[in-house]
Each structure stands twice: as C-alpha cells, then as structure tokens.
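Enquirer: please find the sequence and the predicted model below.
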There are 4 protein chains.
Amino acid sequence: MAGSTYGTLFKVTTFGESHGPAIGAVVDGCPAGISLDEGFIQKYMDRRRPGTSRFTTARNEGDEVEILSGVFEGKTEGTPIALLIRNKDQHSRDYSELKDTYRPGHADFTFDEKYGFRDYRGGGRSSGRETAARVAAGAVALKLLSELGIEVHAYARKIGPFEVQGMITEYAEALNNPLGLPDRDTYEKVSEFLDSASGECDSFGGVIECMIKNLPAGLGEPVFDKYDAELSKAVMSIGAVKGFEIGDGFKAAELKGSENNDPFRAENGRIIKETNHSGGTLGGMSDGSDIIFRAAVKPTPSIARLQKTVNREKEEKELVIKGRHDPLIVPRAIVVVECMAGIVTADMILRNMSSRMSDVKRIYK
Amino acid sequence: MAGSTYGTLFKVTTFGESHGPAIGAVVDGCPAGISLDEGFIQKYMDRRRPGTSRFTTARNEGDEVEILSGVFEGKTEGTPIALLIRNKDQHSRDYSELKDTYRPGHADFTFDEKYGFRDYRGGGRSSGRETAARVAAGAVALKLLSELGIEVHAYARKIGPFEVQGMITEYAEALNNPLGLPDRDTYEKVSEFLDSASGECDSFGGVIECMIKNLPAGLGEPVFDKYDAELSKAVMSIGAVKGFEIGDGFKAAELKGSENNDPFRAENGRIIKETNHSGGTLGGMSDGSDIIFRAAVKPTPSIARLQKTVNREKEEKELVIKGRHDPLIVPRAIVVVECMAGIVTADMILRNMSSRMSDVKRIYK
Amino acid sequence: MAGSTYGTLFKVTTFGESHGPAIGAVVDGCPAGISLDEGFIQKYMDRRRPGTSRFTTARNEGDEVEILSGVFEGKTEGTPIALLIRNKDQHSRDYSELKDTYRPGHADFTFDEKYGFRDYRGGGRSSGRETAARVAAGAVALKLLSELGIEVHAYARKIGPFEVQGMITEYAEALNNPLGLPDRDTYEKVSEFLDSASGECDSFGGVIECMIKNLPAGLGEPVFDKYDAELSKAVMSIGAVKGFEIGDGFKAAELKGSENNDPFRAENGRIIKETNHSGGTLGGMSDGSDIIFRAAVKPTPSIARLQKTVNREKEEKELVIKGRHDPLIVPRAIVVVECMAGIVTADMILRNMSSRMSDVKRIYK
Amino acid sequence: MAGSTYGTLFKVTTFGESHGPAIGAVVDGCPAGISLDEGFIQKYMDRRRPGTSRFTTARNEGDEVEILSGVFEGKTEGTPIALLIRNKDQHSRDYSELKDTYRPGHADFTFDEKYGFRDYRGGGRSSGRETAARVAAGAVALKLLSELGIEVHAYARKIGPFEVQGMITEYAEALNNPLGLPDRDTYEKVSEFLDSASGECDSFGGVIECMIKNLPAGLGEPVFDKYDAELSKAVMSIGAVKGFEIGDGFKAAELKGSENNDPFRAENGRIIKETNHSGGTLGGMSDGSDIIFRAAVKPTPSIARLQKTVNREKEEKELVIKGRHDPLIVPRAIVVVECMAGIVTADMILRNMSSRMSDVKRIYK
C-alpha cells in the first residue's frame, strides 16, 4: 500500500472517496513566495467539474476548493498546501444494489480482491472523482511553472472515430467548446455524432494530446526517472488511460533511423532540432523542443445498457447502470492530463536544480 | 538528480557508464531464502548480450556477472544483492571525434545541457549498455516471481513493417530465433527483409509485447502507483521506448463501452473475465487475467549514414557514425522489457502484502 | 523541501499552521479492516489538548478530529485516512509585534532565513500545535498495533530537577496526574515545585521515557533504517526534543563490554535476554525485549521574562512574551512521543512482512 | 525490508557482508563538476582502517577503494558514483563455531529471527565492516561540502571514564593520536588506562562529538526531516551508537528557559546567537551557529572473556570470543560519524535549494 503520493520534491498526496465527507490533496515541497489563491485553483476545478455540458454527467458537485494551509498573505509559505473539497452531492442515490455486484470495466472486483471489501458508493476511491484532487494540486504546479514562463496545454486529439489532423498551434478553441477539441469543425462533427448516438446508451473513448512549451533543456533524471517515464506513469495513473506515447510514439516503431532522428541545427545562437519526432526528450531529458505526448482514454465503463456480470457470491447477474454518468470522459479528463503533466514538470524543475555543482554554489554563495 | 533507483520495497539501483570500469546494480529488499546463483542471472545476461547474431552489434562484452553480496550458501540473505559487470571491451576505439559533436537521436546534447559536460565515450550513462544492469537485477526479480509460479514472457510483436498476428500463447520460438519473434514464419520474413536492407545503412524499430501470467488479483496500489502506471514508467525508462499501452491500449480509444468492457463470469468457483480488453488490470490493480502490454521501440539512432548536426560550439557538422551498432535494437531489448516487468511485479507483490490487516496478523501471530 | 511525510509503507503526511484554517494529517498505507472511529482518535487528542491543567497553556482548542476519508462502515478501507482538525481559537490575539522580531529559542529566524518570510502568527508551521496532527495519525498507528497486542507507553521520567527512580512497570498513574508522571510521590513533589516557581515566569524541561511491549523480534531494517535509528529520527523531529537514547544510552558509554552485554537464556522454549541494557534492539532490530528509550525535552522557549533579541532589520529589541504558554511542555509532549513511537513501529511491522520468502508464499499461496 | 539507502537527493546505498567478496556504496544524486579521485576517498578510508594502532583490531584490510563509475576525467559526472572495496582478508579464520551460537550484544539472534538464517562469518551485514562503505560515500559528501567551505570535524569527547573538558576549537590533535582525542593530555591518560586494562580482556565505550562549521542558515526541512532529526537517524544507524544529543542535549532538560534560550544579537551586519545551547538548530533548521552533536558509543560487544549464551537450538553455551577485535570502537567510529554527518548535510544542502521561488528563478532564468 501507500500509493497516494506522487513526486520527489514537489510531492502531491491525495485522499478521499467519491461519497465520503471530502476529497483533497496535500502539496508538500512547493517553493515559498508564489502568489496563490483559491480563485486561481478554482478555474482549473471548473474545467473538470461535471454538469457543465450535455456531454458530461449531470452530477453537480460545485467542487469548491478551500486552502487549509501553506498560503499566508497570498503567497505560498514553503509549507504543505492542503486543499479540501467537500463532497456535497454524495447522498443523492442508493448504491446498495452495487454493494455486491461487480461492474464490468470498473475496479469493484479488484478492490474487493485487494482489501477484502470496498466502499461501494460511486466507486469509492477508484471513482473518477478522485481526479478532482489531482486538479487542485496540479493547479499549484501550473502556477509555479507559469512563473518560469512554462505553459502546459492539453486538448482532445481524437474522440470516438474523429481525429483532429495536423500540428496544433492554437489552444484557445479547446477551452471554448465543451469537448476540448482544438478545432471548431471537428467539434461540430463530434458533437453531432454524439447527439445522434445518444440513444444507444453507450460510451466513447478518445485520445488526449498535451504540449509543454518553453522548457529549459536538461529536465529529467537518468536512468529510471526519465522525464518521459515519469510523464507516462503520471498519465497512466489516471483511471481511464490505457496508453501513452511521446513524439511519434507507436508510429516511430515503423520509421527508419534516418527518418526518425531529428537533426540538430544552430539558430540565433541556440541549438535547436529541425524536427521533433522525439516529442521533446532525448535520453529521458527535455531537449529544448516542445514536449508532446498523447494518452489513450478508454470509453467510460458505466453504460446504461444491459451487461452480464457476477456478484461477490459468484452468482450471475444482469446489470444496467443507472444514474448520472459521462458518455464520454475525454472532455473532463483533459484538465486532469494537463495537471498531471504540470505536477511532473514542477517536480522535474526542482529536482534538476542540483544537477551541477556550479548551480549549488550560485545558491549558497 | 538521483534517478537511478526504482522501487519501494524491491528496490533496484543501477550504476555505470558504457566505457567506465564497470556497470552494475544493487537490489535491496529482496526477501531472504530464495535460491540464487550467478548461473541463473547469466542466462538472462546472455539473452541481452551483443554479438550473438548478425542482427546485433559485433561488440563482444561477455557480460559476466559477479554477485558481490547478499547471497550466502546459495540463498538470498535479505541483504542488498550487489551485481557487478566489468566493462571488458571499453578501450577498443577512439571516441574523440564525438567529444563535441551531438549525435541526432542520442542524449549527447541533453547530457551536456543538464550537467555541463558528459562522458562522451559510447554514450556514457545513456548508452544501451546501462540496460545490462537492469537485466542482472531483473533476473533476481524473475527468480522471486518464479517461486510464486508467476511467469513473464516478452517477445517481438512487430519489427519494421512486419507484425505477428493473433494472440500469442507459445513463447518458446521467441527464445529460439535471434529476433525474438514468437512465430517462425514472421521470423523468416523479417530476417530476409533485414538482410536485403542491410546495404541501406539504416535502422529499424518495432513493438515488444509482454505477458505476465498466473498473477494473484489485487496487485498495484491506488492511486498514483497503479500496477499499469508503474509498468509504464519502468518500460518507458528504457532508452529507446517511445510508447506504452496495456490491453487494447490506443485501440480502446476507438471502441464503445459495450465493446471494451470485459464481462465477469464465474468458472470453477473463480471469478474470471470473459474477454481481456483491459489487459489484466482494473483500476490499476491486477484483475486475475494475464497482464498484456506493448512497448514501441524507436529505430536505433546510430546509423552509418551521413547526418547533419552541430557541435558544442554551434558549428554545423556532418556525421557518419562508425563502429559496431545494432541496426535493430528490438531483439536485445526484449529481455530488458521482461526484466523491468519482473522488477515492477516483484515490488508490487511485496507492497501488496500489507493491504489487509488479516494478512498482517497471519504473519505476526 | 518536502519534509512533511514520514514512513515507507505506513506513511504519514501532516499539514497546517498554528493560526491558519486547519491542521491535519493523511495516513496512507494503513491496512484495510481495522476498526476505527473518531472517538478512538479523540482520546489521544484529548491527552495532548491544552487547557486541561494549571501546568499547561490556557488556550482551549477543543481539537476535534474529523475523519474525511479512508474509513467505511467503521473499518479502515486501505485507502488514505485524512484527519482534519479545525483551528477554532486562532483569532484571539494580535501577533503583529512578533512579525519582525525573532523570539529566542524559536524557529522565527530560521524560517525567515529559509523561506524569505514566515507566518508569524503563533509560530506558524513550527508551532507545537503541529504535533496535534501527529497525534491524530499516531492514534491510527496505535490502533493497528493494539490488534497485534503491541503496547506503547510513554510517561515523564524527569521534570526539572526531579527524576522518577527505578524501572517503570505500571503506567496507569501517568494517565491519572496532569504531569504524566508514573509515580504519585514524584508527582506531588514536582507539582509543589512548579507552583512555588510560578512567580519566576520561567520554564522547565524534562525527560520522557517510552516503552514498547510485546513486539516480535526482527523488526527494523539494516542498515540505515534500523528500528532505533527511525525511532530517534521520529522523536528528534518533535520540536522541543534535544536528545534521544535507547536502553542504557549515554550511560552505556561508561560501561565495559562485560557489563553492557545482555546474556541470552532459554526460558519456556523461548530465547530471552537476562538483562536489557540494549533497550530492546540488537543490530537495529527488535530483540524480543521491551523497547525502552528516552527523549530530552528542552524548557519551553516562550517565557514571560524580558529577553534580548533582534528584529528582521537587525535592530536590538527587548522582548517579553505574553499570552498563554506552557511553563512545561513535557506533559503534553508525552502523548506525542507515544504516537511517534507508534507510527515508527507500525511502519516497521509492515516493512518487515516481506523479509522472508516463506512469508511471501504464505500470503500468496 | 530495503533499508540500505539513505537520502532524498544525495542518496547513498551500501552493500556487502563482512566476509563476502566485497562491500561498497553507490552515491546517486551528487552534482556534476566536483573534482574527485580515489586518493581523496582513500584518506578517509585510512582513518577507519583497522590495524593502525595497538588499540584497534589487528585485522588488516587495506580497504582500497575503487571508483567504478560516475567520475570522468577527474570530475563527478552527475551519474551514480559506485565505490568498491574488495574484502581481502576474509578467509583467515573459521567461524563455524559461531554458526549457531548467539553472541551477546551482537545482531546474530535478531538476524536469525528476521530472516530465518544469517551469514555468520564475522557478523555478515551487521559487522562494523559495513561502515567502510559509509566512509567511502561520506568522503564524496565531504568533498561536496568542502567546495562550499563547510567543514565537519568529529573527535572523541569521552573514552571510558575520561572526558575532554571545555569547548573544542582545534581539531588537529584528534587526527594525530590514534584515539582521536582532541587533547594530548587526555590522550596520554586514556592511553595509559587502556594499556593497564588490557589484561582484563574487556572493552570500553565513549562519546564522539562532531561539529559542522560555516553552514548557511535554513538547512533542514520541517516537519519530519528536520536537520537534527536526520543527523540523529544517520548517527544512530551506526551499529554501536546508543544515544544522540544536539547542543546541550540531555543537560538542556535540566535548564530553565531563561538559561537555555540563546539571545540573538546583530554583529557586523549579521544576526548571530550570543550562546549556542541549541547546538546550531532552531525548529530543525540550521541557525548559522556551529552544529554540535554527540553520539554515545557502547563498549565493543566482542570480548575475550567467558560469556553465557544460548545457541539456535536453545541450548545453553559458554562463549569466549577469539580473534581480532577492537577493545574500543570509538577511535575508528569517529570518521564514520564525520561521514554520516557529511552525507546528511550534503542532502540538506541539495534539498534546501528549492525552498524559495526566487532561487528557482535564479537557476532557470
């Protein structure tokens, strides 16, 4: 056990079950002196919040975050920043029929196998609701990064059968439409498709892409804690994610070395890469190009269709999942990916500070 | 810094540069009482060893592993197991022309950016040679798992344009041919293709697949240290890997919930899944099915073709990489993937032991 | 940074400043299936609570603990247990005069030096109030240990010039008197002494002793994470503690080997030690005897006497600390020592489970 | 399990048994660019080496250290520094009589209880020989600190009944005499005492004191990873140490607040403390004064006198420990204390770098 903490120096611990009193996060190791308030964090919470469009669950959480510690007179103090989100809407339905029945695609069975029992209300600790705590903590990381000019942008690259083509260079549209698609045309197609499919009572997956811009080169720690390895862990730890790739990813496996290698070039006194097949890392360290990675998101397992399953007593059951569920988790997962990328990057920024003795001397002399 | 250790309880630390005196690993936290000797580890080393076929580098390392500690009278003692591999072949060529020149696709540039300088001989710490230490440590993990009946099998699923079709159920062939392909026909096709392409002085990538069998359900720690998240980190931390997916992975993003969910069924008093789209985890914990994951391996960046690059002084350079390099890293990376999967799984096995108070009592009462 | 987490498997993270909205703790890695409720934890909180006797500060906090997560239907779930304590009494005085002035013996100066500024209200993060979160988390650890029959008892061994003589075997009296002394006579002497000294506006220190009983042998991890080394860290991390010793401790330095060695003997089929100079550990592992250690507690630095100091601007200041402060921190620190010993021991219990492969097999087969 | 690694950023892992092929250490996280060679480390090894005076064991190890990795062209590379010390003298005697017999004061019994068996040759992993690896790693830490002007000096404060009085300000004498006493007169008295006691076949303990000079203020991480708490753990993890105190330590428990508080004063534009009862930390962070701490060292448990004990089969045994053992471990433990203090301080130096956002910006902008 003990898997609810991520990070070495910028260290995030989350807690909370879907239908318990509260969820939250503690961020330990955030440097002192960063301007921070609840309003800043709330903007990220609101992007993840359910009930904001017809494509997501109608559950209305509010998800108001309270800073319990670590911020004094509007600045981070260097001490742990505790973030609390009360579960307001947790008593609204009866989960007793799921108490003993294992929902396909959910963690009900594995939780029971691991711990002997589980909080069966709304998925308990394995609910997507857990990601709200990641977003609260991630907003702190993104604030830290913004003070260094580093930007993190995630958006939907693919939803169901529709994929946005080409390199994404503008991120505004992805914040404007409820599906997080960076391209208006694709949004309209997907939107129409989802509306027409709504009678199927089924769900859809997709691919989220994320870019990290303005990074210094050299972030990431050889050997095991490579930047891309840590990104991969952080993103794969989001409930619905089934795959991760950086740069050309799985496509790189089909290229030849002469196609996949990015030539170096000097430009305006800086060394840059002519192409970015690598996705911004070489040997697990940032190479000065944009980081670009993708996460495969499975279709939401909660569907209002009849499914075959068993209960705890190994009896066969037929199950129709009622209640408020997202037919598509991608839009709400976008900000979670962005926040996890932020947390990893903040940790890498702090860890990298002691790579050179000359920098150690700069701090202490 | 400090990224050369992986694991919480089964903890592996590696060290060594490609052309320094030695590389090696320290395994701390291995339980006492496991039969272990150098011969067992050597078998895994030999699978990774260069110079064993015409498809891999001619560098002949021998790669003899010496156990320096932690094993007494043929059994692990519970104390750190230090594993030493001397670099025998390290003086054979002159790397001075690479001292200031950045090879495309390699970590030369990022190492310099991070640390201010680097060991330029053969890639130093970022050499593929580093993975020999992972294999030595991984063999210990695989020995631990074998005592519980757990098997780990990796093999090439795809090389260049050729992909093995269907579910793999037999693993013997992958150990018989030098490309690690589980299917003889595909081996012959790929073999012929590589031979005919050898004049191009180019390199190829591929996809490695890995199965973990006979696992108990419930391994993996919510939230951040999910089994699949840790597998992803461990596999992505292997130099040439650019993507990771579990189960249907990126294909799952295109499925509907009704297609992707694996129905539960009871069989012979056990709860099983009818299908395995999930790849053996639910909510980040093993679900009793086989774990099945894939890693995308990029084409080897060292190619004997003219490439454009720059040197440290930002001057443009033309580069032809000489020397002994693998046109295809996939065959030698297979055992590395297997070993990393073993290390992650051994750690998960030990971490999971304290999940239930009833199990704590079984040990102490 | 990032020093607010203790433990490898039983992992405690605390947060909170003295006069912020709340303090609290997250316990990650507690096994599932332990009965736990707020009432159990509250009993420990009440032992630390101020305002309970004339020897401690009059500040009345209430210190009501709320379980936010990790407990379902009265049992621990295996997920993080978040514990919240609101700061109710935080607005009652004006700390502005301390904003720039460094109190001798406090962390005001070092906090400013480390972070550039500090929360000056009541000591902020370095307030003794921080220990309330340790007690809440420690109560969970002590509950875990109680299920294995392990007992932890701390009490005052010495207050100011008075020392309780002899081996302590009964612990009830220490819970009955407000000074935590295990001996009624000493209590009366110290009580009288403190009353007569109350006009001095000074403060006193003391020594807390702690015994851990009914431990299995073999707890503690060679080399760095020895049981006594971890106890020492945990106890020295309590604000006012300036020394730690186990068994004969500093007195052992004056003994000869023939006096200090504890002879082994067999009794009722068990191997026991005839004496316990070692204090219950050999080579950093529990040896089956009672663990017995002592912590030196300095006199409270907050005294209502005139002290010389400087402010942030390096101007000389004269300071009289007003407000409600403990003339003696020992009585309230006793339960903190007990809780830290509990947290360390719970972690050691869980970590030790994987020491033998035979035990790994018992869990999985 | 897994307790052979110390540190968060400057991370030391040791391995090796007394009579196995080798012992050693891996230092991960050392910044790049520090001048380092084997000669520098060897000087520290030689101070710990046995056989250098009539007061220590005649076992002659040589203890030659080999740098296996992490140093290139005389500079640390930022990659793991592996340090190897072959056990040359390990076959010289027969340990079979100790195979089943538990030596009092040693870890024989606890090792068997923990792991089910043990390497009985010369104490195996719990041998004092393990500390040679700490010294090798510690020398690297001390080199790092020396580049910042930070000095660490340990010496014997007390041996058997003799104690050096007064504040120590000169450290040269402690390196000149084989007992590590900073005062020539005391050295002569103790030397005479030990010679006259040599017929008793007994052993003696003592107290080692250590000072750390020229530290910046603010090192150490609230709450659990206080500088003094980490020093305490590191020093208590040395086999023979039974107590730790900082500043006035246990004596502080007898002082009043008005006596124990160190008044602040401004001098030459710096804030200093007039006294140093605290021993150089306030609230767990360095306060700009010298760190001063003491470690209580027990008498060597190996004595050539008849002792009563039992064997594995619970049969009573009489034991006389033959062979080459130190009648006094203090002199050889001094450099171990110095090295552990160096390792802790190096880690604190690196961890503290990210305390302020303004320092983060200095590195990246």
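Expert: Yep, that arrived.

Enquirer: for the rest of this, base every contact and every neighbour count on C-alpha atoms.
Expert: Fine.

Enquirer: for the stretch 101-250 of chain A, which residues are neighbours of chain C?
Expert: Proximity of the stretch 101-250 of chain A to chain C is assessed by C-alpha under 8 Å from any C-alpha of the partner chain, with A:115-119, A:125 identified as the residues in range.

Enquirer: list the contacts for the nearest residue to A:Cys201 once chain neighbours are set aside?
Expert: Beyond its immediate neighbours in the sequence, the residue positioned closest to A:Cys201 (C-alpha to C-alpha, 6 or more residues apart in numbering or on different chains) is A:Ala304, lying 5.3 Å away. Remark: with contacts taken as C-alpha atoms under 8 Å, 6 or more residues apart in numbering or on different chains, A:Ala304 is in contact with A:201-202, A:320-322.

Enquirer: which of the residues of the stretch 101-250 of chain A next to chain C sit farthest apart?
Expert: Comparing every pair within these by C-alpha to C-alpha identifies A:Gly116 and A:Arg125 as the most remote, at 14.5 Å.

Enquirer: more neighbours: the two, which one.
Expert: A:Arg125 (30 against 18; other C-alpha atoms under 10 Å in any protein chain shown).

Enquirer: picking that back up, name the member of the contacts of A:Ala304 with the most neighbours.
Expert: Compared across the contacts of A:Ala304, A:Asp202 has the highest neighbour count, 21 neighbours, by other C-alpha under 10 Å.

Enquirer: tell me the SS of it?
Expert: When the structure is split into helix, strand and coil by DSSP: H, G, I helix; E, B strand; the rest coil, A:Asp202 lands in coil.

Enquirer: against A:Glu66, how distant is the nearest residue to A:Ala346 once chain neighbours are set aside?
Expert: Counting by C-alpha to C-alpha, 6+ apart, A:Ala346 lies nearest to A:Ala141, which is 5.7 Å off, once chain neighbours are set aside. Computed with C-alpha to C-alpha, to the nearest Å, the distance linking A:Ala141 and A:Glu66 is 17 Å.

Enquirer: more neighbours: which of those two?
Expert: For A:Ala141 against A:Glu66, the residue with the higher neighbour count under other C-alpha under 10 Å is A:Ala141, and the figures read 24 against 19.

Enquirer: what helix or strand does the more buried one sit in?
Expert: Per DSSP states H and E, A:Ala141 falls inside helix A:131-146.

Enquirer: so after that helix, what's the next helix or strand?
Expert: Following helix A:131-146 in sequence order, the next helix or strand is strand A:151-159 (DSSP H and E).

Enquirer: check which element follows that next one along the chain.
Expert: Secondary structure here is assigned by DSSP H and E; on that basis, the next helix or strand after strand A:151-159 toward the C-terminus is strand A:162-163.

Enquirer: what lies in contact with the helix or strand following that next one?
Expert: Sequence-wise, the next helix or strand downstream of strand A:162-163 (DSSP H and E) is helix A:172-176. With contacts defined as C-alpha under 8 Å, 6+ apart, helix A:172-176 is touched by A:155-156, A:180-184.

Enquirer: tell me which of those residues is nearest to D:Gly3?
Expert: Proximity of the contacts of helix A:172-176 to D:Gly3 was ranked by C-alpha to C-alpha; the top entry is A:Tyr155 with 42.8 Å.

Enquirer: for that closest one, what are its contacts?
Expert: A:171, A:174, A:180-182, A:208-210, A:334.

Enquirer: just the ones of the residues you listed in helices?
Expert: In helices, judged by DSSP state H, the following of these are found: A:174, A:334.

Enquirer: give me the sheet partners of the lowest-mean-pLDDT helix or strand in chain A and which way each runs.
Expert: For chain A, scoring each helix and strand by mean pLDDT, DSSP states H and E identifies strand A:316-320 as the least confident one, at a mean of 92. Paired with strand A:316-320 in the same sheet, following DSSP bridges, are strand A:306-310 (antiparallel).

Enquirer: what does the stretch 51-200 of chain A have sitting close to chain D?
Expert: Counting by C-alpha under 8 Å from any C-alpha, the residues of the stretch 51-200 of chain A near chain D are A:78-79, A:148.

Enquirer: would you mind writing the PyMOL command to select the buried ones in the residues you listed?
Expert: Burial among those is assessed by 16 or more other C-alpha atoms under 10 Å in any protein chain shown; the matching PyMOL selection reads:
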select buried, chain A and resi 78+79+148
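
Enquirer: redo the residues of the stretch 51-200 of chain A next to chain D as TSV? Include pLDDT and distance to chain B.
Expert: Written out in TSV, the entries for these read as follows (pLDDT from 0 to 100; distance: C-alpha to the nearest C-alpha, whole Å):
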residue	pLDDT	distance to chain B
A:Gly78	98	21
A:Thr79	98	22
A:Leu148	98	17
